[in-house]
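In: sequence? don't have it. structure:
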């Protein structure tokens with residue numbers, strides 16, 4: 001009974017993978033109307049100071065990545081009783097490390113940028129200098145580490161899914177390919193390459209969730225196999 005409840009919890013946990021992808025896509029599309037501040041600073045800060053922008057970034061940057069962490073934990077647990085558990089665990093550690101680092105930096109886009117934009121609109125013209133200094137300083141170097149950790153983690157997840165024998169291989173390709181494409185997710189303007197990456201992630205995670213709900217849990221299967229061997 002405990003094994004059955006554990007398997008059900010893992011299944012529902014994996015549902016947070018496609019949910020996180022959808023929320024992240026909302027955050028990306030929320031930057032659609034924001035021009036480059038170098039080209040039109042007033043239009044950029046007007047868009048960034050709106051409530052719509054703040055809500056979209058809160059949904060995508062905070063809730064989306066939070067759901068992603070839960071989904072990766074569930075995916076790792078699902079693969080824990082397969083021959084690729086080591087790969088899955090390493091992929092989880094690397095990808096969550098990247099997510100944890102980027103959450104702090106995306107706080108700038110979510111919370112600081114709207115307030116800085118309102119300060120600019122109220123007459124503090126030096127506010128945009130602060131944004132430039134932030135994105136050209138340590139945050140830029142942090143994004144390099146985030147990109148490497150996140151990409152390495154999901155590439156390992158892709159290899160683990162491919163070799164697991166319990167999940168569809170198209171999902172392995174989608175999850176492995178999406179990681180290098182989401183670099184633009186960390187920019188304040190919309191990047192269509194990142195949208196493609198988000199769509200690849202959504203496709204792969206939907207395929208995984210559909211496969212997981214169609215078959216018995218890996219845990220239950222392993223227990224049944226051991227019982228048959230013992231008898």
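Out: Cool, got the structure. Just so it is clear, the model here is predicted, and its values are computed rather than measured. Numbering: from 1, shown residues only.
In: Grab the longest helix from this structure for me.
Out: In the chain, assigned by DSSP state H, the helix with the most residues is helix 138-164.
In: And it, what does it pack against?
Out: Contacts defined by 3 or more CB pairs under 8 Å, 6 or more residues apart in numbering; DSSP states H and E place helix 138-164 against helix 85-107, helix 169-181. Quick note: C-beta positions are derived from backbone N, CA and C, even for glycine.
In: Next secondary structure element downstream of whichever strand or helix holds residue 26?
Out: In the assignment (DSSP states H and E), residue 26 maps to helix 16-29. With elements assigned by DSSP H and E, the helix or strand that comes after helix 16-29 is helix 41-48.
In: Would you point out the helix or strand in the chain whose mean pLDDT is lowest?
Out: In the chain, no helix or strand scores lower on mean pLDDT, DSSP states H and E than helix 218-230, which sits at a mean of 41.
In: Would you mind listing the buried residues in the longest helix of the chain?
Out: Buried residues in helix 138-164, counting neighbours by 16 or more other CB atoms under 10 Å, are found at 139, 143, 146-147, 149-162, 164.
In: among the helices and strands packed on helix 138-164, which is the most enclosed?
Out: Using mean count of other CB atoms under 10 Å, the stretch among the helices and strands packed on helix 138-164 with the largest mean neighbour count is helix 169-181, at a mean of 20.
In: Need the residues that contact it.
Out: The contact list for helix 169-181, computed with CB atoms under 8 Å, 6 or more residues apart in numbering, reads 147, 150-151, 153-155, 157-162, 193-194, 196-198, 200-201, 203-205, 207-208, 211.
In: where does the protein have low pLDDT?
Out: The chain contains residues with pLDDT under 70 at 1-6, 33, 35-39, 128, 131-132, 134-139, 183-190, 216-231.
In: cutoff 80 now
Out: Along the chain, segments meeting pLDDT under 80 span 1-7, 31-45, 47-48, 104-109, 112-113, 120, 123, 125-142, 182-191, 215-231.
In: circling back: what helices or strands is the helix holding residue 26 leaning on?
Out: Helix 16-29 packs on helix 51-57, helix 64-78, helix 192-214, going by 3+ CB pairs under 8 Å, 6+ apart.
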